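1. Provided below for reference: sequence and predicted model.
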Amino acid sequence: MDQPLEQGTVFGAHIPFVTYCGIEALDVQEGRTRLRLALRPEHANNLGIAHGGVICTLLDVALGTAARLSAGRPVVTLDMQTRFLAPGRDVLLAEGRVTRAGRSVIFCEAEIRDVQGELVASATGLLKPVGESARR
């Protein structure tokens with residue numbers, strides 16, 4: 001399933017903070033969302049690598065986009081467990097996927113890799129669908 005990409009949106013949802021951070025939606029294939037973040041100087045911590053906050057944001061967006069597309073409506077993150085495995089540098093690629101979807105909660109996984117394929121961080125999350133369904 002391919003989703004059309006629009007400027008300023010992440011797979012159909014307008015999320016100003018995502019635009020501010022510079023996170024780009026790449027594609028959706030087989031229920032997996034893929035995102036890209038080209039790190040800028042303001043994304044760095046005092047060591048010159050990606051700040052944990054930008055890593056967590058990218059993971060949360062990967063989890064949330066996968067859950068939202070599965071649910072067909074907005075979602076909120078209830079819980080996210082994160083593992084930082086390697087320093088983030090240059091360009092980061094994230095992937096989110098649903099592991100189990102129920103009516104009231106959706107379990108997801110996400111990971112971030114650098115362009116060489118090294119695993120930078122991963123997360124599991126529990127997300128809750130909210131609002132009206134787009135599927136009628």
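-> Here it is on my side, so go on.
2. where in this structure is pLDDT low?
-> Using pLDDT under 70 as the threshold, the predicted model of the chain has low-confidence ranges 1-8, 133-136.
3. nearest residue to the middle of it?
-> With the centre of the chain defined as its mean C-alpha position, the nearest residue by Cα atoms, centre = their mean is A62, 1.6 Å away.
4. helix/strand/coil for the nearest residue to A123 once chain neighbours are set aside?
-> Nearest residue to A123 in three dimensions, chain neighbours excluded: L59, at 4.2 Å (Cβ to Cβ, 6 or more residues apart in numbering). Every residue, glycine included, has its C-beta placed from N, CA and C. Remark: L59 carries the secondary structure label helix [criterion: DSSP: H, G, I helix; E, B strand; the rest coil].
5. what about L59, neighbour count?
-> Residues within reach of L59, counting by other Cβ atoms under 10 Å, total 29.
6. okay, it and E132: tell me how far apart.
-> 27 Å (Cβ to Cβ, to the nearest Å).
7. mind jotting down where the helices sit in this structure?
-> Along the chain, the segments classed as helices by DSSP state H run 16-21, 52-71.
8. just the C-alphas of the longest one, formatted as PDB.
-> Same thing as helix 52-71. Presented in PDB, the C-alpha positions along helix 52-71 are these (Å, rounded to 0.1, in the frame of the first residue of the first chain):
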ATOM      1  CA  GLY A  52      18.000  11.800  22.900                       C
ATOM      2  CA  GLY A  53      15.000  14.100  22.500                       C
ATOM      3  CA  VAL A  54      15.200  14.100  18.700                       C
ATOM      4  CA  ILE A  55      15.700  10.300  18.800                       C
ATOM      5  CA  CYS A  56      12.600   9.800  20.900                       C
ATOM      6  CA  THR A  57      10.600  12.200  18.700                       C
ATOM      7  CA  LEU A  58      11.600  10.200  15.600                       C
ATOM      8  CA  LEU A  59      10.700   6.900  17.300                       C
ATOM      9  CA  ASP A  60       7.400   8.300  18.500                       C
ATOM     10  CA  VAL A  61       6.400   9.500  15.100                       C
ATOM     11  CA  ALA A  62       7.400   6.100  13.600                       C
ATOM     12  CA  LEU A  63       5.200   4.300  16.200                       C
ATOM     13  CA  GLY A  64       2.400   6.800  15.800                       C
ATOM     14  CA  THR A  65       2.200   6.800  12.000                       C
ATOM     15  CA  ALA A  66       2.100   3.000  11.900                       C
ATOM     16  CA  ALA A  67      -0.700   2.900  14.500                       C
ATOM     17  CA  ARG A  68      -2.700   5.700  12.900                       C
ATOM     18  CA  LEU A  69      -2.600   4.100   9.500                       C
ATOM     19  CA  SER A  70      -3.700   0.800  11.000                       C
ATOM     20  CA  ALA A  71      -6.500   2.400  13.100                       C
END
